[in-house]
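Asker: here is the input, now give the coordinates:
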Amino acid sequence: MDYCKQERDGLSGGAGDDGDVTEWKKVAELRAVVEAQDPACKEEDDYQLRRFLRARDHNIGKASAMLVKYLQWKREVKPGGRAITADEVRGELAQEKLYMQGYDRQGRPLVYGFGARHFPARRDLDEFKRYVVYVLDRTCARLAGAGGQEKFAAVADLQGWGYYANCDIRAYVAALEIMQNYYPERLGRVFLIHVPYVFMAAWKIVYPFIDDNTKKKFVFVADKDLHATLRDAIDDSNLAEEYGGKLKLVSSAII
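Answerer: Down below sits the predicted model:
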């Protein structure tokens, strides 16, 4: 299946997407509403506001409520606009379960994840939440050089994932809530690969927590389609060596 064409034809918010006059008028309206409630909104650019607007299907009331909550969260988690440092998530980085490298054929930054390297028995939930923010902020920072692209893509490898060893519903839901509530319209596509049957039990629990706009961005890839699907979406120079490409993944703890 041509996932690149499917996304160009069916999803908005990609590189070079400048919206239309009506949408930008709504962005201005949203800004006026939110700035009246929280002056910190002045620090957010129009593209950020547009993502919140799109996440709520251009409903000003819902988008403004979402944006106000984001501004409060930002003050609490990143006071003064400071970034979360590697030292604050050292325990998570040491597990080498996420790699922020490469770009797909649409110019979206890639995140490679390995689910079997996450162990709930060893994790601190607060540190894990900081880690999610750390990864999202670093990934979004890469968008600045991605030719106007606003979204990232991911490959989630679940080979070796075990229900008792790796399943962590609290962490999965926490990550989803952070991404959906505070980084709306940033996720472009997630390819779930090498998915074991037992993972579907966890997926059924997590699925209701995924909003409708995000659900369609998860693609389960059958093993027989893995090679063709990944190469359709990612060229060899950006495809990890693990999948036959030329990109050598380097630990985030040292990059």
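
Asker: just want the most central residue of this structure.
Answerer: residue 187 (4.3 Å; Cα atoms, centre = their mean).

Asker: quick check: phi and psi at the closest residue in space to that residue that isn't next to it in sequence.
Answerer: Using Cβ to Cβ, 6 or more residues apart in numbering and skipping the chain neighbours, the partner closest in space to residue 187 is residue 217 (5.5 Å). For glycine as for every other residue, the C-beta is placed from the backbone atoms N, C-alpha and C. Torsion angles at residue 217 (phi, psi; degrees, to the nearest 10) stand at phi -90, psi -10.

Asker: try the one 4 residues further on
Answerer: Residue 221 has phi and psi values of phi -110, psi 120 when expressed as degrees, to the nearest 10.

Asker: rewinding a little: measure the residue nearest to the centre of the chain to residue 36 for me?
Answerer: 30 Å (Cβ to Cβ, to the nearest Å).

Asker: beta partners for the residue nearest to the centre of the chain?
Answerer: Residue 187 has the following beta-bridge partners by DSSP bridges: residue 152.

Asker: same thing with residue 111?
Answerer: residue 154.

Asker: show me the chain divided up by domain.
Answerer: Annotated domains of the chain cover 3-81, 87-243 [automatic domain parsing].

Asker: which residues of the stretch 151-255 of the chain fall in strands?
Answerer: 152-157, 187-193, 218-220 (DSSP state E, counting those that start in this stretch).

Asker: could you dump the first one to PDB, C-alpha only?
Answerer: It stands for strand 152-157. The C-alpha coordinates for strand 152-157 follow below in PDB (Å, rounded to 0.1, in the frame of the first residue of the first chain):
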ATOM      1  CA  PHE A 152       6.700  13.300  13.000                       C
ATOM      2  CA  ALA A 153       6.500   9.600  12.300                       C
ATOM      3  CA  ALA A 154       7.400   6.500  14.300                       C
ATOM      4  CA  VAL A 155       8.300   2.800  13.900                       C
ATOM      5  CA  ALA A 156       7.300   0.900  17.000                       C
ATOM      6  CA  ASP A 157       9.000  -2.500  17.100                       C
END
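
Asker: and residue 19, what's its pLDDT?
Answerer: What the model reports for residue 19 is a pLDDT of 64.

Asker: cool, and residue 213?
Answerer: Note on residue 213: pLDDT of 87.

Asker: next one: it from residue 176, what distance?
Answerer: For residue 213, the distance to residue 176 - Cβ to Cβ - is 12 Å.

Asker: just to revisit the earlier point, mean pLDDT lowest where, among the domains of the chain?
Answerer: domain 3-81 (a mean of 86).

Asker: now do that one: distance to the chain's middle.
Answerer: What separates the centre of domain 3-81 from the centre of its chain is 16 Å, taken as Cα atoms, centre = their mean, to the nearest Å.
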